[in-house]
Structures are given as C-alpha cells and as structure tokens.
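*Asks:* No letters, just coordinates:
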C-alpha cells in the first residue's frame, strides 16, 4: 500500500529540489550611483559600515564597553546590512 505513495514522492522530489533555485532567476537588484549601477547589497553594506561606526562612537560617548568587540561590531554591521536590505529592496 505504501509503494505507490512512495513512488509519487520520488517523482516529485527533483521538482521540489529545483523549484527554490528557479526563484533567483529574476534580474538582480541594482542601484544607480552617478550613472554606474552597483549591486544593492554593496550599497547596503557600505551604509551599514557607516551606521556601525556611528553606533560605536555613540557607545564610546555613553561609556558603554562591548564585552567582545571582535564579535559585536561585525554582528552589528551584518544586522544593519540585512535591515537596510529588507527596508529598501524587499
């Protein structure tokens, strides 16, 4: 009784595995900067680095010391990058 059901699943498995790959086939998002097109993730990353630097200055001014700065600041930059991507390009 389980053989026909298992056979149907095995026929659909390649389609289920390939479908997520086909979702990325649209045109890549780009931003026009002075007549030159740059990938949107690069623009988000550069803005996130600036925001991280300002956050660090604010934390220094408030005399807040990061426990693990080698982990905290790259994580903060990644957070800002993904946040900007979601806000502006999703």
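*Replies:* Happy to help now that I have it. It should be emphasised that the depicted structure is a prediction, and the values quoted were computed from it without experimental measurement.

*Asks:* From here on, just use CA atoms for contacts and neighbour counts.
*Replies:* Will do.

*Asks:* Who's the closest spatial neighbour of residue 52, skipping the chain neighbours?
*Replies:* residue 77 (5.6 Å; CA to CA, 6 or more residues apart in numbering).

*Asks:* Would you confirm that the one you found contacts residue 54?
*Replies:* No. Between residue 77 and residue 54 there is no contact under CA atoms under 8 Å: 11.0 Å.

*Asks:* who has more neighbours, the two?
*Replies:* Neighbour comparison, residue 77 and residue 54: the larger count goes to residue 77, with 22 against 12 (by other CA atoms under 10 Å).

*Asks:* Which residues does the helix or strand harbouring that one contact?
*Replies:* Using DSSP states H and E, residue 77 maps to helix 69-89. Applying CA atoms under 8 Å, 6 or more residues apart in numbering, the contact partners of helix 69-89 are 29, 40, 41, 44, 45, 47, 48, 49, 51, 52, 56, 66.

*Asks:* Following element in sequence after the worst-scoring helix or strand of the chain on mean pLDDT, please.
*Replies:* One helix or strand of the chain scores below all others by mean pLDDT, DSSP states H and E: helix 2-22, with a mean of 71. Under the assignment DSSP H and E, the closest C-terminal helix or strand after helix 2-22 is strand 30-33.

*Asks:* so what secondary structure elements neighbour that following strand?
*Replies:* Contacts defined by 3 or more CA pairs under 8 Å, 6 or more residues apart in numbering; DSSP states H and E place strand 30-33 against strand 36-39, helix 40-61.
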